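J.: coords please:
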Amino acid sequence: MNTCVRISEYVSKALKENRPVVALESTIISHGMPYPQNVQTANTVEQIVRDAGCVPATVAIIGGVLVIGCSLEEIEYLGRKGTSVTKVSRRDMPVVIAQKADGATTVAGTMYACKLAGISVFATGGIGGAHRNSDRTMDISADLDELQQSDVAVVCAGAKSILDIGLTLECLETRGVPVIGYRTEEMPAFYTRESGYKVDYKLDSAAEIAKAYVAKRQLGLQGGMLIVNPIPSEYAMNGKYIDENIRRALTEADELGISGKNITPFLLDKIQKLTGGKSLAANIQLVYNNARLACAIAKEICVLNKTEK
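T.: Sure thing, here's the model as predicted:
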(Lines give C-alpha, C1' and ligand atoms only; values in the text may rest on other atoms or scores of the structure.)
Protein backbone atom coordinates (compact mmCIF):
# COMPACT_ATOMS: atom_id res chain seq x y z
CA MET A 1 0.00 0.00 0.00
CA ASN A 2 2.65 2.52 1.10
CA THR A 3 5.75 2.82 3.26
CA CYS A 4 3.63 3.33 6.40
CA VAL A 5 1.72 0.06 6.09
CA ARG A 6 2.86 -3.54 5.65
CA ILE A 7 0.30 -6.27 5.11
CA SER A 8 2.07 -9.57 5.66
CA GLU A 9 2.26 -11.75 2.59
CA TYR A 10 0.25 -14.58 4.15
CA VAL A 11 -2.55 -12.17 5.13
CA SER A 12 -2.60 -10.47 1.72
CA LYS A 13 -2.70 -13.84 -0.05
CA ALA A 14 -5.59 -15.08 2.11
CA LEU A 15 -7.63 -11.94 1.45
CA LYS A 16 -7.08 -12.17 -2.31
CA GLU A 17 -8.17 -15.82 -2.24
CA ASN A 18 -11.28 -15.09 -0.12
CA ARG A 19 -9.98 -17.16 2.77
CA PRO A 20 -11.08 -16.22 6.31
CA VAL A 21 -8.82 -13.77 8.15
CA VAL A 22 -9.29 -12.76 11.80
CA ALA A 23 -7.58 -9.63 13.08
CA LEU A 24 -6.12 -9.48 16.60
CA GLU A 25 -5.03 -6.45 18.63
CA SER A 26 -1.63 -5.96 20.26
CA THR A 27 -2.49 -3.84 23.31
CA ILE A 28 -3.27 -7.10 25.11
CA ILE A 29 0.35 -8.12 24.45
CA SER A 30 2.14 -4.98 25.60
CA HIS A 31 -0.33 -3.63 28.16
CA GLY A 32 -2.63 -6.52 29.05
CA MET A 33 -0.42 -8.89 31.03
CA PRO A 34 3.21 -9.50 32.07
CA TYR A 35 5.91 -11.24 30.03
CA PRO A 36 6.10 -14.12 29.14
CA GLN A 37 2.39 -14.78 29.73
CA ASN A 38 1.50 -12.06 27.22
CA VAL A 39 3.47 -13.73 24.43
CA GLN A 40 2.20 -17.21 25.32
CA THR A 41 -1.39 -15.95 25.23
CA ALA A 42 -0.94 -14.13 21.91
CA ASN A 43 0.65 -17.21 20.33
CA THR A 44 -2.12 -19.44 21.65
CA VAL A 45 -4.80 -17.15 20.21
CA GLU A 46 -3.07 -17.22 16.83
CA GLN A 47 -2.89 -21.02 16.99
CA ILE A 48 -6.60 -21.23 17.87
CA VAL A 49 -7.32 -19.20 14.73
CA ARG A 50 -5.14 -21.45 12.57
CA ASP A 51 -6.66 -24.62 14.04
CA ALA A 52 -10.09 -23.28 13.08
CA GLY A 53 -8.98 -22.99 9.45
CA CYS A 54 -8.47 -19.21 9.47
CA VAL A 55 -5.55 -16.83 9.11
CA PRO A 56 -4.55 -14.69 12.14
CA ALA A 57 -3.53 -11.07 11.59
CA THR A 58 -2.09 -9.51 14.73
CA VAL A 59 -1.82 -5.74 14.24
CA ALA A 60 0.89 -3.45 15.67
CA ILE A 61 3.23 -0.63 14.73
CA ILE A 62 6.84 -1.80 14.49
CA GLY A 63 9.55 0.78 13.87
CA GLY A 64 7.09 3.25 12.41
CA VAL A 65 5.30 0.78 10.14
CA LEU A 66 1.72 -0.38 10.69
CA VAL A 67 2.07 -4.15 10.45
CA ILE A 68 -1.07 -6.14 9.65
CA GLY A 69 -0.04 -9.70 10.37
CA CYS A 70 2.85 -9.71 12.85
CA SER A 71 5.42 -12.49 12.83
CA LEU A 72 6.15 -14.63 15.89
CA GLU A 73 9.37 -12.67 16.34
CA GLU A 74 7.48 -9.35 16.31
CA ILE A 75 5.00 -10.65 18.89
CA GLU A 76 7.92 -11.72 21.10
CA TYR A 77 9.47 -8.27 20.63
CA LEU A 78 6.27 -6.49 21.70
CA GLY A 79 5.85 -8.79 24.67
CA ARG A 80 9.38 -8.21 25.94
CA LYS A 81 9.11 -4.41 25.59
CA GLY A 82 5.79 -4.45 27.47
CA THR A 83 4.38 -1.14 28.63
CA SER A 84 7.28 0.83 27.14
CA VAL A 85 5.46 0.35 23.83
CA THR A 86 3.03 3.21 23.17
CA LYS A 87 -0.64 2.36 23.39
CA VAL A 88 -1.98 3.43 19.99
CA SER A 89 -5.50 4.45 19.07
CA ARG A 90 -6.43 6.13 15.77
CA ARG A 91 -5.28 9.58 16.94
CA ASP A 92 -1.80 8.31 17.92
CA MET A 93 -0.96 6.61 14.62
CA PRO A 94 0.47 9.57 12.65
CA VAL A 95 2.91 10.66 15.37
CA VAL A 96 4.06 7.15 16.33
CA ILE A 97 4.64 6.31 12.66
CA ALA A 98 6.41 9.62 11.95
CA GLN A 99 8.72 9.02 14.92
CA LYS A 100 9.43 5.48 13.66
CA ALA A 101 8.41 4.18 17.07
CA ASP A 102 6.60 1.03 18.21
CA GLY A 103 2.92 0.94 19.03
CA ALA A 104 0.43 -1.56 20.45
CA THR A 105 -2.93 -1.04 18.76
CA THR A 106 -6.14 -0.68 20.75
CA VAL A 107 -9.56 -1.81 19.52
CA ALA A 108 -9.96 1.47 17.60
CA GLY A 109 -6.45 1.29 16.14
CA THR A 110 -6.92 -2.34 15.08
CA MET A 111 -10.30 -1.60 13.52
CA TYR A 112 -8.74 1.14 11.41
CA ALA A 113 -6.05 -1.31 10.27
CA CYS A 114 -8.80 -3.78 9.31
CA LYS A 115 -10.42 -1.04 7.23
CA LEU A 116 -7.14 -0.39 5.39
CA ALA A 117 -6.54 -4.07 4.68
CA GLY A 118 -10.13 -5.13 3.97
CA ILE A 119 -10.40 -7.53 6.94
CA SER A 120 -14.02 -8.13 7.98
CA VAL A 121 -13.66 -9.78 11.41
CA PHE A 122 -11.71 -8.80 14.51
CA ALA A 123 -11.56 -10.71 17.81
CA THR A 124 -10.73 -8.93 21.05
CA GLY A 125 -11.37 -9.23 24.78
CA GLY A 126 -13.69 -6.33 25.54
CA ILE A 127 -14.32 -2.98 23.93
CA GLY A 128 -13.77 0.39 25.54
CA GLY A 129 -16.73 2.65 26.13
CA ALA A 130 -18.14 5.29 28.43
CA HIS A 131 -16.28 5.26 31.74
CA ARG A 132 -18.09 5.56 35.04
CA ASN A 133 -18.60 9.28 35.79
CA SER A 134 -18.05 10.06 32.09
CA ASP A 135 -20.97 12.49 32.32
CA ARG A 136 -18.52 14.58 34.35
CA THR A 137 -15.15 13.62 32.85
CA MET A 138 -16.25 13.06 29.20
CA ASP A 139 -13.99 9.97 29.20
CA ILE A 140 -15.51 7.98 26.36
CA SER A 141 -13.36 5.54 24.39
CA ALA A 142 -12.50 6.17 20.74
CA ASP A 143 -13.52 2.53 20.19
CA LEU A 144 -17.14 3.68 19.95
CA ASP A 145 -16.44 6.26 17.25
CA GLU A 146 -14.35 3.76 15.30
CA LEU A 147 -17.22 1.29 15.42
CA GLN A 148 -19.30 4.01 13.77
CA GLN A 149 -16.74 4.48 10.97
CA SER A 150 -15.06 1.15 10.15
CA ASP A 151 -16.94 -1.72 8.51
CA VAL A 152 -15.71 -4.51 10.78
CA ALA A 153 -17.49 -7.21 12.79
CA VAL A 154 -15.95 -6.97 16.26
CA VAL A 155 -16.30 -10.04 18.48
CA CYS A 156 -15.88 -9.36 22.19
CA ALA A 157 -17.12 -10.34 25.66
CA GLY A 158 -19.03 -7.07 25.92
CA ALA A 159 -17.77 -3.80 27.33
CA LYS A 160 -15.13 -3.97 30.03
CA SER A 161 -16.63 -4.26 33.52
CA ILE A 162 -14.87 -1.07 34.62
CA LEU A 163 -17.19 0.95 32.33
CA ASP A 164 -20.70 2.37 32.55
CA ILE A 165 -22.30 -0.29 30.40
CA GLY A 166 -25.71 1.36 30.15
CA LEU A 167 -24.22 4.60 28.86
CA THR A 168 -21.90 2.66 26.54
CA LEU A 169 -24.93 1.00 24.94
CA GLU A 170 -26.64 4.39 24.56
CA CYS A 171 -23.54 5.72 22.80
CA LEU A 172 -23.52 2.73 20.44
CA GLU A 173 -27.19 3.26 19.63
CA THR A 174 -26.56 6.94 18.83
CA ARG A 175 -23.76 5.89 16.48
CA GLY A 176 -25.95 3.36 14.67
CA VAL A 177 -23.89 0.35 15.73
CA PRO A 178 -25.95 -2.85 16.10
CA VAL A 179 -25.15 -4.90 19.20
CA ILE A 180 -25.68 -8.60 18.53
CA GLY A 181 -25.80 -11.07 21.39
CA TYR A 182 -24.45 -14.50 20.48
CA ARG A 183 -26.97 -16.87 22.04
CA THR A 184 -27.83 -14.26 24.67
CA GLU A 185 -30.33 -11.43 25.10
CA GLU A 186 -28.20 -9.78 27.77
CA MET A 187 -25.09 -7.66 27.36
CA PRO A 188 -22.20 -9.51 29.00
CA ALA A 189 -19.82 -7.50 31.18
CA PHE A 190 -16.42 -8.97 30.36
CA TYR A 191 -15.69 -11.01 33.51
CA THR A 192 -19.39 -11.80 34.02
CA ARG A 193 -22.12 -13.11 31.75
CA GLU A 194 -24.72 -10.58 32.91
CA SER A 195 -24.92 -6.81 33.19
CA GLY A 196 -28.63 -6.13 33.60
CA TYR A 197 -28.79 -4.56 30.11
CA LYS A 198 -30.27 -6.00 26.93
CA VAL A 199 -28.60 -6.29 23.52
CA ASP A 200 -30.33 -5.17 20.31
CA TYR A 201 -30.68 -8.64 18.81
CA LYS A 202 -30.00 -12.25 19.80
CA LEU A 203 -28.62 -14.48 17.06
CA ASP A 204 -27.83 -18.13 17.67
CA SER A 205 -25.32 -19.06 14.97
CA ALA A 206 -22.28 -17.74 13.16
CA ALA A 207 -24.20 -18.11 9.88
CA GLU A 208 -26.96 -15.76 11.09
CA ILE A 209 -24.41 -13.19 12.23
CA ALA A 210 -22.55 -13.38 8.91
CA LYS A 211 -25.80 -12.87 6.97
CA ALA A 212 -26.60 -9.76 9.03
CA TYR A 213 -23.08 -8.40 8.49
CA VAL A 214 -23.21 -8.96 4.72
CA ALA A 215 -26.72 -7.44 4.54
CA LYS A 216 -25.40 -4.33 6.28
CA ARG A 217 -22.58 -4.13 3.75
CA GLN A 218 -24.95 -4.61 0.80
CA LEU A 219 -27.10 -1.76 2.09
CA GLY A 220 -24.07 0.50 2.13
CA LEU A 221 -24.45 1.19 5.84
CA GLN A 222 -21.25 2.70 7.19
CA GLY A 223 -19.71 1.36 10.35
CA GLY A 224 -19.18 -1.86 12.21
CA MET A 225 -21.17 -4.47 14.04
CA LEU A 226 -20.57 -5.49 17.65
CA ILE A 227 -20.99 -9.18 18.46
CA VAL A 228 -20.98 -9.85 22.20
CA ASN A 229 -20.04 -13.35 23.30
CA PRO A 230 -20.42 -14.15 27.04
CA ILE A 231 -17.42 -15.59 28.84
CA PRO A 232 -17.87 -19.38 29.28
CA SER A 233 -19.77 -20.00 32.52
CA GLU A 234 -16.96 -22.11 34.02
CA TYR A 235 -14.62 -19.09 33.86
CA ALA A 236 -17.13 -16.35 34.76
CA MET A 237 -16.63 -14.39 37.98
CA ASN A 238 -19.15 -13.40 40.63
CA GLY A 239 -20.66 -10.02 39.71
CA LYS A 240 -20.71 -8.56 43.22
CA TYR A 241 -17.15 -9.70 43.90
CA ILE A 242 -15.72 -8.18 40.72
CA ASP A 243 -17.74 -4.97 41.11
CA GLU A 244 -16.39 -4.43 44.62
CA ASN A 245 -12.83 -4.79 43.35
CA ILE A 246 -13.56 -2.41 40.48
CA ARG A 247 -14.79 0.22 42.95
CA ARG A 248 -11.59 -0.17 45.00
CA ALA A 249 -9.47 0.17 41.88
CA LEU A 250 -11.42 3.23 40.71
CA THR A 251 -10.96 4.91 44.08
CA GLU A 252 -7.19 4.40 43.92
CA ALA A 253 -7.03 5.65 40.32
CA ASP A 254 -8.91 8.79 41.35
CA GLU A 255 -6.58 9.36 44.30
CA LEU A 256 -3.52 8.98 42.04
CA GLY A 257 -4.99 11.25 39.36
CA ILE A 258 -4.82 8.57 36.66
CA SER A 259 -7.03 9.31 33.65
CA GLY A 260 -7.25 9.17 29.86
CA LYS A 261 -5.71 6.24 28.01
CA ASN A 262 -3.75 5.23 31.13
CA ILE A 263 -6.87 4.46 33.15
CA THR A 264 -7.85 1.14 31.53
CA PRO A 265 -4.45 -0.63 31.83
CA PHE A 266 -4.13 0.67 35.41
CA LEU A 267 -7.57 -0.61 36.42
CA LEU A 268 -7.13 -4.01 34.77
CA ASP A 269 -3.74 -4.48 36.44
CA LYS A 270 -5.08 -3.37 39.82
CA ILE A 271 -8.09 -5.67 39.57
CA GLN A 272 -5.80 -8.55 38.67
CA LYS A 273 -3.81 -7.95 41.86
CA LEU A 274 -6.93 -7.52 44.01
CA THR A 275 -8.40 -10.79 42.72
CA GLY A 276 -5.17 -12.74 43.11
CA GLY A 277 -4.86 -13.29 39.36
CA LYS A 278 -8.39 -14.65 38.90
CA SER A 279 -9.44 -11.76 36.67
CA LEU A 280 -6.43 -12.31 34.39
CA ALA A 281 -7.24 -16.01 34.03
CA ALA A 282 -10.82 -15.07 33.10
CA ASN A 283 -9.54 -12.47 30.63
CA ILE A 284 -7.40 -15.03 28.83
CA GLN A 285 -10.22 -17.56 28.53
CA LEU A 286 -12.70 -15.04 27.16
CA VAL A 287 -10.20 -13.98 24.49
CA TYR A 288 -9.81 -17.61 23.42
CA ASN A 289 -13.59 -17.99 23.32
CA ASN A 290 -14.00 -14.86 21.21
CA ALA A 291 -11.34 -16.00 18.74
CA ARG A 292 -13.23 -19.24 18.12
CA LEU A 293 -16.50 -17.43 17.42
CA ALA A 294 -14.74 -14.86 15.22
CA CYS A 295 -13.32 -17.70 13.12
CA ALA A 296 -16.74 -19.26 12.63
CA ILE A 297 -18.17 -15.90 11.51
CA ALA A 298 -15.23 -15.16 9.18
CA LYS A 299 -15.67 -18.51 7.46
CA GLU A 300 -19.40 -17.91 6.94
CA ILE A 301 -18.70 -14.44 5.49
CA CYS A 302 -16.31 -16.01 2.98
CA VAL A 303 -19.04 -18.45 1.90
CA LEU A 304 -21.44 -15.54 1.38
CA ASN A 305 -18.76 -13.60 -0.54
CA LYS A 306 -18.58 -16.48 -3.04
CA THR A 307 -22.36 -16.42 -3.44
CA GLU A 308 -22.28 -12.66 -4.13
CA LYS A 309 -19.83 -13.19 -6.94
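J.: C-alpha from now on. contacts and neighbour counts both.
T.: Noted.
J.: need phi/psi at residue 62.
T.: Main-chain dihedrals, residue 62, degrees, to the nearest 10: phi -120, psi 120.
J.: what of residue 253?
T.: Dihedral pair for residue 253: phi -60, psi -40, per degrees, to the nearest 10.
J.: output the contacting helices and strands for the longest helix along the chain.
T.: Identified as the longest helix of the chain according to DSSP state H is helix 278-308. Using 3 or more CA pairs under 8 Å, 6 or more residues apart in numbering; DSSP states H and E, the elements in contact with helix 278-308 are strand 21-24, helix 37-51, strand 121-123, strand 153-156, helix 206-218, helix 263-274.
J.: pull the contacting residues for the most centrally placed residue in the chain.
T.: In the chain, the residue lying closest to the centroid (CA atoms, centre = their mean) is residue 124, at 2.9 Å. By CA atoms under 8 Å, 6 or more residues apart in numbering, the contact list for residue 124 reads 24-25, 107, 154-156, 287, 290-291.
J.: repeat that for residue 103.
T.: Counting by CA under 8 Å, 6+ apart, residue 103 makes contact with 60-62, 85-88, 96.
J.: which segments of this protein make up each domain?
T.: Annotated domains of the chain cover 1-119, 121-309 [automatic domain parsing].
J.: can you tell me which of those the model trusts least?
T.: Mean pLDDT is lowest for domain 121-309 among the domains of the chain, at a mean of 90.
J.: give me the number of residues near residue 84?
T.: Residue 84: 13 surrounding residues under other CA atoms under 10 Å.
J.: ok, back up a step: distance to residue 146, secondary structure and neighbour count added to the contacts of residue 103, as a markdown table?
T.: Shown next, in a markdown table, are the contacts of residue 103 (distance: CA to CA, whole Å; DSSP: H, G, I helix; E, B strand; the rest coil; neighbours: other CA atoms under 10 Å):
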| residue | distance to residue 146 | secondary structure | neighbour count |
| --- | --- | --- | --- |
| 60 | 17 | strand | 31 |
| 61 | 18 | strand | 30 |
| 62 | 22 | strand | 21 |
| 85 | 22 | coil | 21 |
| 86 | 19 | strand | 18 |
| 87 | 16 | strand | 25 |
| 88 | 13 | strand | 25 |
| 96 | 19 | helix | 21 |
